[in-house]
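# Compute the structure for the input listed below.
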Amino acid sequence: QHANLLLWLKKTANAYLPASPQQTGVVIMPHGATQPYNDVVEQVIAPLQSAYRIEMAYGMGDPFVIQRAVSRLEAKGVRRIVFVRLYSLSDQMKGLTDYILGLSDSLSDSHSHDEASSPPHQVRSSALFSTFGGYEENPAIAEILHERIVEASQKPSEETIILVAHGSGDDGADARWLAGMNRQIERLREDPHCKKLRRLLAVTVREDWPDKRKEAVGRLAEMIQEGKQGGRVLLISNRLYGGGPYEKFLEDAGLKKGADYEMNAQGFAPHPVITRWLAAGIEKALQAFDQGSADRLSAEALKHISAK
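Prediction:
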């Protein structure tokens, strides 16, 4: 009896059998960085620990880290796993991690995988997987942005507020990122305080792609210079935690914090909005598992009846 056959049989059974709460688990994959970043992520997740069996897989889709997290859950009897990409957009890392989890037969995430290299390992698991990601696509992120603006705003009618985000090297993905930020701006403009702002703008700096970053940072510098003509410029860090490299990028472009602009560098987390987004996504995935099992059982029953 080959081990792969046994794995397939278990996975097939898991597709039809209902799972108890103790047999469901969650793997959360944040980017991961310095200890302060990781500590903030842990604070966001802490309220969920009592409701779900959670394992962490920090990093940019490392198959061995993901395998270890999955194996830890399976060792506890987990048969269904919700995999969370704790990344800004829903398509970030999706192609890579879907492949690693066996949900896709091909890779489609060029940012995270060199097509000239060998494909990454896929996890060995009999568990069923469901995935989601993209916390910035949550409309409630506007609540956090509003707080960050109000925390630093002094005289809104004389202020230019600029949301600054990481961005993508792919032009289409970067455009989608900016479109999402502008949708949050539309929500912010419904607030009385934000209505008074001189300007409310969004920009990405395309951090990891030097040539595109130079142009993007130059555009941000122009926005700051223009904003200075009418009053104060305030940057809001549009990222999960911290101010990233924005201050350094702008200093290289000849602008200094304090003299040319101010910045609220806190980021989104920790904040209950992120925790609620996680909880809602996990619950939706678990409901889909249950519905999928019921649909498969119904289909099998219909086939059995038709065969008689």
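# Run through the stretch 1-150 of the chain and note the low-pLDDT ranges.
Confidence mapping of the stretch 1-150 of the chain against pLDDT under 70 gives the ranges 1-3, 7-8, 10-17, 108-116.
# what do you get if the cut-off is 50, keeping everything else the same?
1, 110-113 (pLDDT under 50).
# in it, which spans are strands?
Taking DSSP state E, counting those that start in this stretch, the strands of the stretch 1-150 of the chain run over residues 24-30, 53-56, 80-86, 128-133.
# And the first one, what does it pack against?
When contacts are defined as 3 or more Cβ pairs under 8 Å, 6 or more residues apart in numbering; DSSP states H and E, strand 24-30 packs onto helix 35-45, strand 53-56, helix 63-75, strand 80-86, helix 272-307. Quick note: C-beta positions are derived from backbone N, CA and C, even for glycine.
# Tell me which of those lies nearest to T204.
strand 80-86 (18.8 Å; Cβ to Cβ).
# Not counting that closest one itself, show me its contacts.
Contact with strand 80-86 is made by 14, 19, 23-31, 41, 66, 70, 73, 92-94, 97, 101, 125, 127-135, 240, 278, 281-282, 285-286, 289, as judged by Cβ atoms under 8 Å, 6 or more residues apart in numbering.
# switch to 6 Å and redo it
19, 24-30, 73, 93, 127-131, 133, 282, 285, 289 (Cβ atoms under 6 Å, 6 or more residues apart in numbering).
# Parallel or antiparallel, which strands does that strand pair with?
strand 24-30 (parallel), strand 128-133 (parallel) (DSSP bridges).
# Let me have those in a markdown table, adding distance to E222 and mean neighbour count as columns.
Listed next are these as a markdown table, based on distance: least, Cβ to Cβ, whole Å; neighbours: other Cβ atoms under 10 Å:
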| stretch | distance to E222 | mean neighbour count |
| --- | --- | --- |
| strand 24-30 | 33 | 25 |
| strand 128-133 | 32 | 20 |
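# Just put the ones you listed in TSV and tack on distance to G231.
Formatted as TSV, the strands paired with strand 80-86 follow (distance: least, Cβ to Cβ, whole Å):
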stretch	distance to G231
strand 24-30	37
strand 128-133	38
